[in-house]
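> sequence-free structure coming up:
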């Protein structure tokens, strides 16, 4: 079966809406399948950037061709899930940032739901995301797990996973709400709040206030202010995640029909200004600067190009108004990235995930409908028509599945090494 997060998990599973069955005796394989329906996407609001595009004139031949090119590229990666034996939790997180609740994962030769596997704290390359301390939820940080505080919640938010979706840690049943509470109580001033902001602004009401475990009072405007007081250049992945945090907060505020004032308005103006600045750094071939937001640059390293253009375009196609997605500069970047991802197949998992997410967002906002991603890609098969050409172009050895036999998964992105040079020796480890 195809076409839903439920069917992609491999088997029907317990649904939190219907009341989850007693699963004390479930095997690890059953655990992976459990919750697939729980992880399906929330109903998007009409104005949501991932929602159905408004009715408009029929697409012309040029845009139809671009739609088919993008979907053919996406179908290749969508039909080739990652493997829990060889990918760390960090690597699996960067697979589902692209395809959300429909993302599959290979476990013992079977396809299961990737988000369900991680939320039930199952191992990926021998590592787990969660533990308990005095009965309270704790998250793991470091190589192979979370690279930033709030990163997993941030990715769940962007995948639109429900707050009542079940977590299973050391035999204890929890929910995403417990993870939300953890990220609230661990807010710290003068720290990176980028990923926490995306997660908390998604799940909490705009007016929510809370007390962290240090006794300070927090709210969403304070988080925005703390982030605005820190530089974009030099932040994680060149500052693209910080810009996504501002954009996500503004978009949520707009979706809820709430006024843009105070810190919300500051964030809106900041994002708008960065849109124009970013286009000034675009290269003639459609790529964005390989020096992120620092200056214009065009390194020949294609890994660097897919990393920077993928992250920057991901932020742009999320944050720009829908009517601006047809801007020739946006289309030029989409064509460039799509061509790069089609002609070459072997990427570090982090840049690959964000580049694919950029293309998924563009497809969803520009061409998509109410159907699932799997339904939209069904007519494109497994995207293998250009596979032989991509292998020849890359000049790398591929196995029968089309995967590079030397493909490796960086534990953390190059930009994190730049932002944290004191950890560079640790972060150069390969996630094999």
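That came through fine. Note that the structure is a prediction, hence the values are computed from the model and not measured. Numbers count the residues shown, from 1 in each chain.

> you'd agree residue 112 is up against residue 118?
No: using Cβ atoms under 8 Å as the test, residue 112 is too far from residue 118 to be in contact (10.6 Å). Any C-beta I mention is one placed from the backbone N, CA and C, and that applies to glycine too.

> more neighbours, the two?
Taking neighbours as other Cβ atoms under 10 Å, residue 112 and residue 118 compare with residue 112 leading, 29 against 25.

> and the host helix or strand of that one, which strands flank it?
Using DSSP states H and E, residue 112 sits in strand 110-113. Applying DSSP bridges, strand 110-113 is found paired with strand 104-107 (antiparallel).

> Return the distance of the partner strand from the chain's centre.
Distance, stretch centre to chain centre, for strand 104-107: 17 Å (Cα atoms, centre = their mean, to the nearest Å).

> tell me the mean pLDDT over that strand?
The average pLDDT for strand 104-107 rounds to 97.

> buried sites along that strand?
Across strand 104-107, burial judged by 16 or more other Cβ atoms under 10 Å covers 104, 105, 106, 107.

> now stretch 173-191
174, 175, 176, 178, 179, 180, 182, 183, 184, 186, 187.

> Likewise for stretch 262-280?
Buried-residue list, stretch 262-280, by 16+ other Cβ under 10 Å: 263, 264, 266, 267, 268, 270, 271, 274, 275, 278.

> try stretch 102-122
By neighbour count on 16+ other Cβ under 10 Å, the buried set for stretch 102-122 is 102-107, 111-122.

> end to end, how far does that stretch reach?
Taking Cα to Cα, to the nearest Å, stretch 102-122 runs 18 Å from one end to the other.

> State the mean pLDDT of the host helix or strand of residue 355.
Taking DSSP H and E as the criterion, residue 355 maps to helix 349-366. The average pLDDT within helix 349-366 is 97.

> how about the buried residues of stretch 262-280 in a markdown table, adding pLDDT, secondary structure and distance to residue 308?
As requested, the buried residues of stretch 262-280 are exported to a markdown table (pLDDT from 0 to 100; DSSP: H, G, I helix; E, B strand; the rest coil; distance: Cβ to Cβ, whole Å):
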| residue | pLDDT | secondary structure | distance to residue 308 |
| --- | --- | --- | --- |
| 263 | 98 | helix | 28 |
| 264 | 98 | helix | 28 |
| 266 | 98 | helix | 26 |
| 267 | 98 | helix | 23 |
| 268 | 98 | helix | 25 |
| 270 | 98 | helix | 20 |
| 271 | 98 | helix | 19 |
| 274 | 98 | helix | 15 |
| 275 | 98 | helix | 16 |
| 278 | 98 | helix | 11 |
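
> helices and strands around the helix holding residue 355, which ones?
helix 61-78, helix 89-99, helix 302-319, helix 328-343, helix 373-377, strand 409-410 (3 or more Cβ pairs under 8 Å, 6 or more residues apart in numbering; DSSP states H and E).

> and if we set it to 7 Å?
helix 61-78, helix 89-99, helix 302-319, helix 328-343 (3 or more Cβ pairs under 7 Å, 6 or more residues apart in numbering; DSSP states H and E).

> residue ranges of the strands in this structure, please?
Taking DSSP state E to define them, one finds strands in the chain at 82-83, 104-107, 110-113, 130-133, 136-139, 166-169, 172-175, 209-211, 217-219, 409-410, 430-431.

> who's in contact with residue 335?
Residue 335 sits next to 66, 286 when contact means Cβ atoms under 7 Å, 6 or more residues apart in numbering.

> switch to 10 Å and redo it
65, 66, 69, 70, 285, 286 (Cβ atoms under 10 Å, 6 or more residues apart in numbering).

> That one and residue 153: what is the separation?
As judged by Cβ to Cβ, to the nearest Å, residue 335 and residue 153 stand 33 Å apart.

> Return the distance of the closest residue to residue 76 other than its chain neighbours relative to residue 376.
Spatially, and ignoring its direct neighbours in sequence, residue 76 is nearest to residue 383 (2.8 Å; Cβ to Cβ, 6 or more residues apart in numbering). Here residue 383 is placed at a distance of 13 Å from residue 376 (Cβ to Cβ).

> what do the two both touch?
Contact criterion Cβ under 10 Å, 6+ apart; residues shared by residue 383 and residue 376: 71, 74, 75, 78.

> wait, doesn't the third one sit right on residue 383?
Okay, so that is residue 75. Yes: with the criterion set as Cβ atoms under 10 Å, residue 75 and residue 383 qualify as a contacting pair; they are 3.9 Å apart.

> quick one: common contacting residues for the two?
In terms of Cβ under 10 Å, 6+ apart, residue 75 and residue 383 are both contacted by the residues residue 377.

> tally of neighbours for residue 209?
Residues near residue 209, counting by other Cβ under 10 Å, number 13.

> For it, give the beta-bridge partners.
Applying DSSP bridges to residue 209, the residues it is bridged with are residue 219.

> my guess is it contacts residue 222, does it?
Yes: at 9.0 Å, residue 209 and residue 222 qualify as touching, with contact defined as Cβ under 10 Å.

> Distance of the nearest residue in space to residue 185 that is not next to it in sequence relative to residue 320?
Excluding the flanking residues, the one nearest residue 185 by Cβ to Cβ, 6+ apart is residue 213, at 4.5 Å. Using Cβ to Cβ, we find residue 213 at a distance of 38 Å from residue 320.

> The two: which has the busier surroundings?
residue 320 (18 against 11).

> do you know how far residue 317 is from residue 136?
Residue 317 sits 38 Å away from residue 136, going by Cβ to Cβ.

> Among those two, which residue is more densely surrounded?
residue 317 (25 against 13).

> burial measure for residue 343, as a count.
Look at residue 343: counted by other Cβ under 10 Å, it has 15 neighbours.

> Please enumerate the helices of the stretch 101-250 of the chain.
114-119, 151-158, 176-185, 194-203, 220-228, 240-255 (DSSP state H, counting those that start in this stretch).

> got the contact list for the spatially closest residue to residue 216 that is not a sequence neighbour?
Nearest residue to residue 216, sequence neighbours excluded (Cβ to Cβ, 6+ apart): residue 189, at 7.1 Å. Taking Cβ under 10 Å, 6+ apart as the criterion, residue 189 is in contact with 212, 214, 216, 218, 222, 226, 229.

> Need those in a markdown table (columns: distance to residue 196).
Putting those into a markdown table (distance: Cβ to Cβ, whole Å) gives the following:
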| residue | distance to residue 196 |
| --- | --- |
| 212 | 11 |
| 214 | 14 |
| 216 | 14 |
| 218 | 10 |
| 222 | 12 |
| 226 | 10 |
| 229 | 15 |
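
> Cool, thanks, signing off.
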